[in-house]
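K.L.:
quick one, structure for this:
(2 chains)
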Amino acid sequence: MQQETKTVELTGAEIFVRCLQEEGADLIFGYPGGSVLHIYDALYRQDKVKHILVRHEQGAVHAAEGFAKSTGKPGVVLVTSGPGATNAVTGIADAYMDSVPMVIFTGQVPTSLIGNDAFQEVDTVGITRPCVKHNFLVKDVKDLATTIKKAFYVATTGRPGPVVVDIPKDITAARFEFSYPKSIKMRSYNPTVKGHPGQIRKAVDLILSAKKPMLYTGGGVILGNAAKSLTELTRLLNYPITNTLMGLGGYPASDRQFLGMLGMHGTYEANMAMHHADVLIAIGARFDDRVTGNIEKFCPHARIVHVDVDPASISKNVKVDVPIVGQVDQVLKTMIKEIKASGARPDPDALADWWKQIDEWRAMDCLKYDKTSELIKPQYVLETLWRLTKGDAFVCSDVGQHQMWTAQFYGFDKPNRWINSGGLGTMGFGLPAAIGTQIAHPDETVVCVTGEASIQMCIQELSTALQYHLPIKVVTLNNRYMGMVRQWQEFFYQGRYAMSYMDALPDFVQLAEAYGHVGMRIEQPGDVEGAIQEALKMKDRLVFMDFITDQSENVYPMVPAGAGQNEMILL
Amino acid sequence: MENESGALSRVAGLFSARGYNIESLTVAPTEDPTLSRLTLVTRGSDEVIEQITKQLNKLVDVVKLLDLTEHRHIEREMMMVKLKVQDGEQRAEVVRMTEIFRGHIIDVSATAYVVELTGDSPKLDAFIDAVRGFEVVEVVRSGVMGIARGDVALRL
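P.N.:
From the prediction side, this is the model:
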């Protein structure tokens, strides 16, 4: 490990702030408390690291996720011990499931009190262990800088993920000479970078031999900055491609070769093409149960190539034929080079037949909905939003029906613009994620698509948005139900709508206004377009649009739990 | 793995979180005090063992991992058994059993013997079966330790 030469004696709190500066982490999200007061004092006495004050620690983590997902840089969070840390856990678990690079600093009671059930003490390292990539408890101020360096290194390399650094209060008061390591090596952590050339060659041979090929790509393409290479490879091959929920934007949605999202609420053509494919090329995707449906019936005819940076993702759920461990972008670039050099091309006749079949599936128009309804159809709101923002907004979603409709109807042509909670499915994610995204992209249009149930899980962050003048456009699809719960109850519980009706809803227009924002209620389909236009014109205000939508609308197609990908419920 | 607090709970936590089962686990520092060596016995299909191996390798505290069952290897476990002995005849019988199993009597009191025994796990099981006629007061087993034969070694 190389040490920087100049050294000065600083307090732990000052070291902490200097480390963030050295790391280029000039923006952090947090909430103060007893155990981190020294750190907040050190933050107060400098102006390089900007601190965004949220209203609840869960919001801090989601905001940092929005920042990280929209920029590719690590998100940084600072919270206090005890409830500060436990409130952050949902966000940490969310970041873990979606492999978001994050460093979360938690205050801890002084080392002398650890284990004494002290005020605001919890075993943060123990509580977070199953939902972090790694975590540290700093027991000596001399280890602080190195630990922070390690935390950023682990969080951002290999398969990214959240790293927690728990810092007892006395460590932030103790003094030590500051020096920040320029680089770090850890003998027990060596993520694989390059794909094995022999495996890549084997994969290319298999890919080129395909008669019914299918590319299935996930969040790894976004995280691995590989959208450009993926697009190049896909066009070179002229193969059909589908993206997972987390992978949307990895390939331009407006392109002819794109079949839409796959999985439980994926398109008919994407799921049918998966089911009938003879060669499946999985890239940065993890064969999640919401994608595969019944694993016994998954891709019964396909030989599978799987590229992933995490060896544990390979053959975890589905046994694959050609595994390649490595950074997605590097592997894709090598594949492109191999294909170009070989001069071999896929069988054109087979491919033409395959596309003909796919176009027949496409003609089913599986995303059709009633456009003559007198009620506002949620799909129409999202289609209009897409059209008016030219498909170029940063869209942060909450969790539920509105999330699926956004994935289906808002076509993303660029990566890092679709920000949602995929793995954990955390209601309450959308608004704070939009806050982090808008802070990272002050001049871009940032939309939070949500429902009247999800928004209430972190609605306090409307106050944060006011404090930092964030002109987020909140699109609430208000159907007076927890829509996805209602849909399952309609389909699988004979319409017994247990606890899924959102009774006693607040007046969201007044609520938005009480928080100092602009509120709108839209009740007629004819008013949808005008309202969105008006909201988008208000460049310096948060606008809360409360769309009163059709209560009975369901998300189609749907692969019921336990069914195969080809067994979809269609409208 | 790194000889650090928390390393063991990461391993144990991984097994419980992912529904794998730990049959036996032993851990202690090595000749390099910054490293601990952990021997863990688990059961599963090839796919499950592959996944366990990958997940363990992913833990930042795990430095190196070797599946001993892929190599010729030696397994040893140590056991201490406290047996109640009432009379001279019983004492003689315990001594004889201990000799047969090539163990040692390491503590003697007016009413009890402690027998120390080392071997693979089935041998220790066999000893317990053999002394069932006595009152077994307590049994302490170390869990299995393992090492590969020949040149194969788990080292940095």
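K.L.:
any idea which element the nearest residue to A:Glu57 once chain neighbours are set aside lies in?
P.N.:
Closest residue to A:Glu57 apart from its sequence neighbours, by Cβ to Cβ, 6 or more residues apart in numbering or on different chains: A:Asn87 at 3.6 Å. Bear in mind the C-beta positions are built from the backbone N, C-alpha and C, glycine included. Using DSSP states H and E, A:Asn87 falls within helix A:83-97.
K.L.:
tally of neighbours for A:Thr172?
P.N.:
Counted with other Cβ atoms under 10 Å in any protein chain shown, the neighbours of A:Thr172 add up to 27.
K.L.:
tell me the buried residues in the helix or strand containing it?
P.N.:
Using DSSP H and E, A:Thr172 sits within helix A:169-173. Residues A:Lys169, A:Asp170, A:Ile171, A:Thr172 are the ones in helix A:169-173 that count as buried (16 or more other Cβ atoms under 10 Å in any protein chain shown).
K.L.:
show me what that helix is packed against.
P.N.:
Under the contact criterion of 3 or more Cβ pairs under 8 Å, 6 or more residues apart in numbering or on different chains; DSSP states H and E, helix A:169-173 touches helix A:12-23, helix A:37-44, strand A:102-108.
K.L.:
what about 10 Å?
P.N.:
Helix A:169-173 is packed against strand A:8-11, helix A:12-23, helix A:37-44, strand A:102-108, with contacts defined by 3 or more Cβ pairs under 10 Å, 6 or more residues apart in numbering or on different chains; DSSP states H and E.
K.L.:
what's the most buried one of those?
P.N.:
For the helices and strands packed on helix A:169-173, average neighbour numbers computed from mean count of other Cβ atoms under 10 Å in any protein chain shown are highest in strand A:102-108, which has a mean of 29.
K.L.:
picking that back up, what's the closest of the buried residues of helix A:169-173 to chain B?
P.N.:
For the buried residues of helix A:169-173, the minimum distance to chain B (Cβ to the nearest Cβ) is 15.7 Å, reached by A:Ile171.
K.L.:
I'd assumed A:Phe136 was in contact with that closest one.
P.N.:
No: using Cβ atoms under 10 Å as the test, A:Ile171 is too far from A:Phe136 to be in contact (11.5 Å).
K.L.:
overlap in contacts, those two.
P.N.:
Listed as contacting both A:Ile171 and A:Phe136 by Cβ atoms under 10 Å, 6 or more residues apart in numbering or on different chains are A:Asp143, A:Leu144.
K.L.:
which one of the helices and strands packed on helix A:169-173 lies nearest to B:Thr42?
P.N.:
Evaluated with Cβ to Cβ, the helices and strands packed on helix A:169-173 place strand A:102-108 nearest to B:Thr42, the distance being 31.4 Å.
K.L.:
chain B contacts on chain A?
P.N.:
A:125-126, A:129-137, A:139, A:150, A:154, A:158-159, A:161, A:163, A:186-191, A:310-317, A:319, A:325 (Cβ under 10 Å from any Cβ of the partner chain).
K.L.:
which residues touch A:Leu215?
P.N.:
Residues in contact with A:Leu215 (Cβ under 10 Å, 6+ apart) are A:207, A:230, A:233-234, A:237, A:239-243, A:250-251, A:257-259, A:273, A:277, A:279-283, A:285, A:305.
K.L.:
between the helices and strands packed on helix A:169-173, which gets nearest to B:Ile49?
P.N.:
Closest approach to B:Ile49 among the helices and strands packed on helix A:169-173 is made by strand A:102-108 (31.5 Å; Cβ to Cβ).
K.L.:
residue contacts, residue 83?
P.N.:
This is for chain A. By Cβ under 10 Å, 6+ apart, A:Pro83 lies in contact with A:Tyr31, A:Gly33, A:Glu57, A:Gln120, A:Val122.
K.L.:
not what I meant, chain B
P.N.:
B:90-91, B:93-94, B:97-98, B:105, B:111-115, B:131, B:133-139.
K.L.:
out of the residues you listed, which touch chain A?
P.N.:
Among those, no residue lies close to chain A (Cβ under 10 Å from any Cβ).
K.L.:
which of the residues you listed are buried?
P.N.:
Neighbour-count burial (16+ other Cβ under 10 Å) is assigned, among these, to B:Gln90, B:Glu93, B:Val94, B:Met97, B:Thr98, B:Ala112, B:Tyr113, B:Val114, B:Val115, B:Val131, B:Phe134.
K.L.:
how far away from the center of its chain is stretch A:257-277?
P.N.:
How far stretch A:257-277 lies from its chain's middle: 21 Å, per Cα atoms, centre = their mean, to the nearest Å.
K.L.:
same check, this time on stretch A:82-96
P.N.:
Counting by Cα atoms, centre = their mean, stretch A:82-96 is centred 16 Å from the centre of its parent chain.
K.L.:
just the buried positions in it, please.
P.N.:
So for stretch A:82-96, counting by 16+ other Cβ under 10 Å, buried means A:82, A:84-96.
K.L.:
quick one: mean pLDDT for it?
P.N.:
The average pLDDT for stretch A:82-96 rounds to 98.
K.L.:
extract the CA atoms of it and return them as CSV.
P.N.:
Provided in CSV are the C-alpha atoms of stretch A:82-96 (Å, rounded to 0.1, in the frame of the first residue of the first chain):
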residue,chain,number,x,y,z
GLY,A,82,-28.9,3.1,17.1
PRO,A,83,-32.1,4.2,15.3
GLY,A,84,-30.0,6.1,12.8
ALA,A,85,-28.4,2.9,11.7
THR,A,86,-31.6,0.7,11.9
ASN,A,87,-33.6,3.2,9.9
ALA,A,88,-30.9,3.0,7.2
VAL,A,89,-31.1,-0.8,7.1
THR,A,90,-34.0,-1.0,4.5
GLY,A,91,-32.0,1.2,2.2
ILE,A,92,-28.8,-0.8,2.7
ALA,A,93,-30.7,-4.0,1.9
ASP,A,94,-32.1,-2.4,-1.1
ALA,A,95,-28.7,-1.3,-2.3
TYR,A,96,-27.4,-4.8,-1.7
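K.L.:
in chain B, which spans are strands?
P.N.:
According to DSSP state E, chain B carries its strands in the segments B:24-29, B:36-41, B:73-84, B:104-108, B:112-119, B:135-141, B:145-148.
K.L.:
domain ranges for chain A, per the record?
P.N.:
In terms of domains, chain A is parsed into A:8-178, A:197-362, A:378-548 (source: automatic domain parsing).
K.L.:
distance to A:Val559 added to those, as TSV?
P.N.:
Listed next are those as TSV, based on distance: least, Cβ to Cβ, whole Å:
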stretch	distance to A:Val559
domain A:8-178	21
domain A:197-362	5
domain A:378-548	12
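K.L.:
quick one, which of these is nearest to B:Thr53?
P.N.:
Shortest separation from B:Thr53 across the domains of chain A is recorded for domain A:197-362, at 9.0 Å, computed as Cβ to Cβ.
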